[in-house]
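Asker: no sequence on this one, just coordinates:
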């Protein structure tokens, strides 16, 4: 155990033991295979002329957490790079990623596929342009991490797992990482130092919405020619005690955390992201940007999750109004609370105001018998009509009873678009199951397609409960082997803990789909071959 050392602020930080990994990294051995496969598959000759930088449009990536950027093989050659090379990606901040050829269907689009972690570290969003260039890379001798999320102290076994996870990952100082450790929820870490040292970049804030290219990020430290370091099997990884200062957003939700709502999410992004990021477009067109979006659907379909995700991806301030919480028995107090929230949102623009259970806050005035409800509806209508921040304050309402809302709220100019969040189909359920099991220790016999077939009527919240119950079933298997007097679970026991298909099947007997209470029926695909006998009846039909 190292001795505590003092920071510049006088606080003591205790470093946990360093761990050196000597095992060979599987990904190290596959880099050459990636290059050879890409050369064979593409059959393209490298262009005679290469360029130093390229500008590409950011699209969603699906290989989460591995620091990978997928681009057209022609663009890889145009940069003078090979698959597996490291590039620097510059949005509003600069980070590093490993180049991988995109699939054939995505080629020719001048796009770059990045997961949420790379997008966060480059401070870029979907649909925005980033600049890439070949990086000056060296192998990392040492990397120091600072935990950003609360949790148990980092143990030597945890550090061993984290070090193996980081092998093959290109990093720069200031990058955020999300790593899951055995027996614990995923945690966020900040890279606070590397050896050799890399520059640390500050985020260049966007201007007032012009579509001009962003200025390059400003390096805080630039005393070396090294732009990024690559974590190798011999890299020493240290983790300091959790500090008081926070950077980034622990618990940040991204578009990769939403499954089964691809079309709906695209429509919501069109209505919300464009006005928040580029209000100058609407000034040029001479039209008012959308003010509000109404999300409706059964409970558990992701209405609140979508609102939080859009706010997180756009870096907008997020204000939540729960309908019943606004109601107050004193005259005028409810309206005052509404006004204060809208005023605060305008001061902190760009911002998103999310009203949950909107039907409880703004029911039909013709059918309600209370004066308070009528006044609240009138105040809400007035606030929506008087929002002065042009496109910089967006209102999102959520309800599972859209027909109970006051009709005045549902006209254009207030809630400009109504989007139905349906119960996910089989493909959507498979996506959601994969998302909720992304950080879980799964056995090899897990069949997500079969689980999706067995869960008709399940919404996202039900599928999350199913995954949680399956994990509890796996935990019950090892409970007899736990010595409670030791005060902790041995690392070997944690590593051997896996969720099997049998655990999911047992969980299906415990978790009931919430939509069956609404008598939801999904008609499965049935053919004539599924019917035995009745040959004459089938022929007549």
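Answerer: Thanks, I have it. These figures come from a predicted structure and were not determined experimentally.
Asker: Was I right to think residue 256 contacts residue 60?
Answerer: Yes: in terms of CB atoms under 8 Å, residue 256 counts as a neighbour of residue 60; the distance is 7.1 Å. Any C-beta I mention is one placed from the backbone N, CA and C, and that applies to glycine too.
Asker: Quick check: neighbours shared by these two?
Answerer: Listed as contacting both residue 256 and residue 60 by CB atoms under 8 Å, 6 or more residues apart in numbering are residue 115.
Asker: how about the helices in the stretch 401-541 of the chain?
Answerer: Assigned by DSSP state H, counting those that start in this stretch, the stretch 401-541 of the chain shows helices spanning 426-436, 448-453, 460-478, 491-495, 501-508, 535-540.
Asker: Could you identify which of the ones you listed is most buried?
Answerer: With neighbours defined as mean count of other CB atoms under 10 Å, the helices of the stretch 401-541 of the chain peak in mean count at helix 426-436, which reaches a mean of 21.
Asker: which other helices and strands contact that helix?
Answerer: Helix 426-436 makes packing contacts with helix 448-453, helix 460-478 when contacts are defined by 3 or more CB pairs under 8 Å, 6 or more residues apart in numbering; DSSP states H and E.
Asker: Any chance you could list what contacts that helix?
Answerer: With CB under 8 Å, 6+ apart, helix 426-436 has contacts from 256-261, 424, 448-449, 451-453, 455-456, 458, 460, 463-464, 466-467.
Asker: at 7 Å instead, please
Answerer: Helix 426-436 is contacted by residues 257, 259-260, 424, 448-449, 451-453, 455, 458, 460, 463-464, 467 when judged by CB atoms under 7 Å, 6 or more residues apart in numbering.
Asker: Not including adjacent chain positions, what is the nearest residue to the residue most central in space within the chain?
Answerer: By CA atoms, centre = their mean, the chain has its centre lying nearest to residue 254, at 2.0 Å. In space, and not counting its chain neighbours, residue 254 is closest to residue 116: 3.5 Å by CB to CB, 6 or more residues apart in numbering.
Asker: burial of the residue nearest to residue 413 when sequence neighbours are not counted, as a residue count?
Answerer: Spatial nearest neighbour of residue 413, chain neighbours left out: residue 291 (6.8 Å); criterion: CB to CB, 6+ apart. Look at residue 291: counted by other CB atoms under 10 Å, it has 19 neighbours.
Asker: isn't residue 291 right up against residue 396?
Answerer: No: using CB atoms under 7 Å, residue 291 is not in contact with residue 396; the gap is 10.5 Å.
Asker: right, and the pair among the contacts of helix 426-436 with maximum separation?
Answerer: The most widely separated members of the contacts of helix 426-436, counting by CB to CB, are 257 and 453 (23.5 Å).
Asker: which residues in the stretch 201-350 of the chain form helices?
Answerer: Here the stretch 201-350 of the chain has its helices, by DSSP H, counting those that start in this stretch, at 262-277, 279-285, 303-313, 323-326, 333-347.
Asker: quick one, what contacts residue 474?
Answerer: Residue 474 neighbours (CB under 7 Å, 6+ apart): 497-499, 503.
Asker: would JSON lines of those residues with pLDDT and distance to residue 433 be doable?
Answerer: Listed next are those as JSON lines, based on pLDDT from 0 to 100; distance: CB to CB, whole Å:
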{"residue": "497", "pLDDT": "81", "distance to residue 433": "19"}
{"residue": "498", "pLDDT": "86", "distance to residue 433": "16"}
{"residue": "499", "pLDDT": "90", "distance to residue 433": "12"}
{"residue": "503", "pLDDT": "92", "distance to residue 433": "13"}
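Asker: Distance of residue 226 relative to residue 189?
Answerer: Separation of residue 226 from residue 189 (CB to CB, to the nearest Å) stands at 21 Å.
Asker: okay, those two: which has more neighbours?
Answerer: Between residue 226 and residue 189, residue 189 has the larger neighbour count (other CB under 10 Å), namely 24 against 18.
Asker: what's the weakest-modelled helix or strand in the protein?
Answerer: Sorting the helices and strands of the chain by mean pLDDT, DSSP states H and E puts strand 12-13 at the bottom, at a mean of 38.
Asker: Now residue 66: closest residue in space that isn't a chain neighbour?
Answerer: Residue 66 sits nearest to residue 169 (CB to CB, 6+ apart), 7.1 Å away.
Asker: And the one you found, what's its pLDDT?
Answerer: Residue 169 carries a pLDDT value of 89.
Asker: For the stretch 251-400 of the chain, which residues score under the pLDDT cut-off?
Answerer: 251-252, 329, 369, 388-391 (pLDDT under 70).
Asker: 90 instead, please
Answerer: 251-292, 297-302, 304-318, 320-339, 342-343, 345-352, 356-395, 400 (pLDDT under 90).
Asker: Then the stretch 401-541 of the chain?
Answerer: 401-418, 422-423, 425, 435-444, 456-457, 471, 474-498, 510, 512-541.
Asker: Domain parsing of this protein, as residue ranges.
Answerer: Domain ranges of the chain: 255-420, 426-518, per automatic domain parsing.
Asker: Distance to residue 137 for those domains - can I get that in TSV?
Answerer: Formatted as TSV, the domains of the chain follow (distance: least, CB to CB, whole Å):
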stretch	distance to residue 137
domain 255-420	26
domain 426-518	28
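Asker: For residue 96, find the nearest of those domains.
Answerer: Of all these, domain 255-420 sits nearest to residue 96, with 19.8 Å by CB to CB.
Asker: Turn the helices and strands packed on helix 426-436 into TSV, including distance to residue 238.
Answerer: As requested, these are exported to TSV (distance: least, CB to CB, whole Å):
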stretch	distance to residue 238
helix 448-453	37
helix 460-478	31
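Asker: check contacts around residue 376.
Answerer: Taking CB under 7 Å, 6+ apart, we find residue 376 in contact with 326, 334-335, 361-362.
Asker: at 6 Å what do you get?
Answerer: Taking CB atoms under 6 Å, 6 or more residues apart in numbering as the criterion, residue 376 is in contact with residue 334.
Asker: what's the answer for residue 179, then?
Answerer: Residue 179 is in contact with 162, 165, counting by CB under 6 Å, 6+ apart.
Asker: Give me the pLDDT for it.
Answerer: Residue 179 is given a pLDDT of 81.
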